[in-house]
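1. next come a sequence and a model predicted from it.
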Amino acid sequence: MKKLIYVMSLLTLLVAGCTTVPPADRRVAEKAQITELAASIRALGPEVDPEEAERAARIAYSHTHELAIQYQITDPPLIHNTKVNMGLRPRGLCWHWAEDIENRLKQENFQTLDLHRAIANSDNPFRIEHSTAIVSRKGDSMFDGIVLDPWRKGGILHWTPTRTDTDYNWLPRQQVFEAKRERLRARQRLSTQG
């Protein structure tokens, strides 16, 4: 346990910055980001209601901030994950963020936007599996949408078009779940044959 705490402390020192952004500057930067995200959501197509795009962007940012407080985010994502898995924090794994952001946005009953869930790295043994929520124009696939990822930057909303996200190769969540179920069935068949 002492070794784990030492490693976590060392990682925190290596990853954490030594400066902070003053609150007023942070609010100005966030307002600019909300405006930029809203414009990107509107650009998904002419059918997207500008008011819905602005509301989705504003909620994605404000709910990310609320969740960061609720999840007690004080560390970079991987360290926070360790704390959640050790029972030291209530939530904050990537799928918690994705689930909570998606559920909050669903409350808005958007008429011109759809919400999707995606998973990356499900078949990569060298990277941790990662979940996210995606917003798209009504009727479009998740691949034509925008990734809303509050986990990646530890409680600061990261967003990018799905197709240009160079950090992750996203797949529909249901497709990943079905592939996992099929692998489980295959293992069960092998164990009953052997």
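-> Done, it's in.

2. please make it C-alpha for all contacts and neighbour counts, starting now.
-> Will do.

3. which stretches of this structure form helices?
-> 2-15, 23-42, 50-70, 77-85, 94-106, 173-193 (DSSP state H).

4. dump the residue contacts of the nearest residue in space to residue 132 that is not next to it in sequence.
-> Once flanking residues are discounted, residue 132 sits nearest to residue 98: 4.6 Å by Cα to Cα, 6 or more residues apart in numbering. By Cα atoms under 8 Å, 6 or more residues apart in numbering, the residues touching residue 98 are 117, 131-133, 149-150.

5. what about 7 Å?
-> By Cα atoms under 7 Å, 6 or more residues apart in numbering, the residues touching residue 98 are 131-133.

6. so residue 118 versus residue 174, what's the distance?
-> Distance check for residue 118 against residue 174: by Cα to Cα, to the nearest Å, it reads 8 Å.

7. more neighbours, the two?
-> Legend: neighbour count by other Cα atoms under 10 Å for residue 118 and residue 174, higher for residue 118 (23 against 12).

8. correct me, but that one touches residue 171?
-> Yes. Here residue 118 reaches residue 171: they are 5.4 Å apart, a contact under Cα atoms under 7 Å.

9. what's the pLDDT at residue 153?
-> Residue 153 is assigned 96 on the pLDDT scale.

10. likewise for the one 4 residues further on?
-> Each residue has a pLDDT score; the one for residue 157 is 97.

11. quick one, what contacts the residue nearest to it when sequence neighbours are not counted?
-> Residue nearest to residue 157 in three dimensions, not counting chain neighbours: residue 150, with 4.2 Å by Cα to Cα, 6+ apart. By Cα under 7 Å, 6+ apart, the contact set of residue 150 is 64, 97, 156-158.

12. show me what the residue most central in space within the chain is bridged to.
-> Nearest to the mean C-alpha position of the chain, by Cα atoms, centre = their mean, lies residue 149 at 2.9 Å. On the basis of DSSP bridges, residue 149 is bridged to residue 158.

13. ok, it - contacts?
-> 132-133, 157-159.

14. against residue 120, how distant is residue 180?
-> 13 Å.

15. more crowded one of these two?
-> residue 120 (20 against 14).

16. nearest spatial neighbour of residue 41, chain-adjacent residues omitted?
-> residue 53 (5.4 Å).

17. where does the prediction get shaky in this structure?
-> For the chain, the stretches flagged by pLDDT under 70 are 1-24, 194.

18. cutoff 90 now
-> Under the criterion pLDDT under 90, the flagged ranges of the chain are 1-30, 122-128, 179-180, 183-194.

19. what's the burial count for the closest residue in space to residue 148 that isn't next to it in sequence?
-> Distances taken as Cα to Cα, 6+ apart place residue 159 nearest to residue 148, at 4.8 Å, with adjacent residues excluded. If you count neighbours by other Cα under 10 Å, residue 159 ends up with 19.

20. one more: residue 183?
-> With other Cα under 10 Å as criterion, residue 183 counts 12.
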